[in-house]
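Novice: what follows is a predicted protein model with its sequence.
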Amino acid sequence: MKLESTVMEIFNTDTDLELFEKMLKELGKLVKDWVQIDNYIVTVRKSLLNISNNESDDYHGLDINVAIASAMTAGGRMWMSLLKINPDVNLYYSDTNSGIVDKPLNSNMIGSELGKFKLEHIITRAVFLAPKVYSFINDRGEKIIKIKGVSDNSLKNIHISDLELLLIKDSSKEFTQTKMFKKVISGDILTNEIAYTLKATSIKRNHIYVNVDNLEIFNHTDPVKYDEIIKND
């Protein structure tokens, strides 16, 4: 939401001189500071969003209206609440602009108009482990898996059955994945193997388990109540 932001860029004088000269030609007026370290030039310039929006500029500026943004967010949450308080459907999972329920919604909620729901999948098998951590198979046989923070390459080795096993209380799955890091001064890109632990977790809701064949299985969640938090503290 800041009206001003900066961009730091690193140019190698051995290989990036043409790119550096192009940046100076097109965006030189935005450069606020620069320093040369060995054969690297580090520049700090204003973002393109800082340029005002008028006919003499090549770029559009950034217009922000907090009231409109708040109204849109509130309206979206009110619309999503129609899924959460609907007594005629069971809601298995919801996100910012989507929900998974066990039966068709009312026709007035479905359509191609802006803001209405559309049917994307008919699901035959699914497991929802945590916010942005789920997998399902639709009636076309397509397998969808989403795990926040896990790379697409790592997802290839995770299957819906792996998430189903994690429904068992206190179970977890550990693996490593490759992450890329950038060294600011040198501009080098490094890769490291990072450990990742996958399990049912939520900091906003209490997990409710049911006993199935002497196993405690994650079934649903209940909201965390303020009085309970105070009592636990």
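Specialist: Arrived safely, thanks for sending.
Novice: how is the protein carved up into domains?
Specialist: The record, using automatic domain parsing to delimit domains, assigns the chain the ranges 6-50, 150-233.
Novice: now the first one: average pLDDT?
Specialist: The predicted model gives domain 6-50 an average pLDDT of 88.
Novice: starting at the chain centroid, how far to that domain?
Specialist: Its chain's C-alpha centre lies 30 Å from the corresponding centre of domain 6-50 when counted by CA atoms, centre = their mean, to the nearest Å.
Novice: over to stretch 217-231?
Specialist: Here the centre of mass of C-alpha atoms in stretch 217-231, compared against the chain's by CA atoms, centre = their mean, lies 24 Å away.
Novice: what are the buried residues along it?
Specialist: Applying a neighbour-count criterion of 16 or more other CB atoms under 10 Å, the buried positions in stretch 217-231 are Phe218. (Each C-beta comes from the backbone N, C-alpha and C, glycine too.)
Novice: that one - what's its average pLDDT?
Specialist: On average, stretch 217-231 scores 80.
Novice: now stretch 91-104: buried residues?
Specialist: Taking 16+ other CB under 10 Å as the neighbour-count basis, stretch 91-104 is seen to contain the buried residues 92-94, 99-101.
Novice: if we can go back for a sec, wait, which of the domains of the chain is closest to Phe117?
Specialist: domain 150-233 (22.4 Å; CB to CB).
Novice: tally of neighbours for Glu164?
Specialist: By the measure other CB atoms under 10 Å, the count of residues near Glu164 is 15.
Novice: how close does the residue of the chain positioned farthest from its centre get to Thr13?
Specialist: When each C-alpha in the chain is compared with the mean C-alpha position (CA atoms, centre = their mean), Asp38 comes out farthest, at 37.9 Å. Distance check for Asp38 against Thr13: by CB to CB, to the nearest Å, it reads 9 Å.
Novice: and the helices in this structure?
Specialist: When secondary structure is read from DSSP state H, the chain shows helices at 17-27, 66-84, 152-155, 160-165, 226-232.
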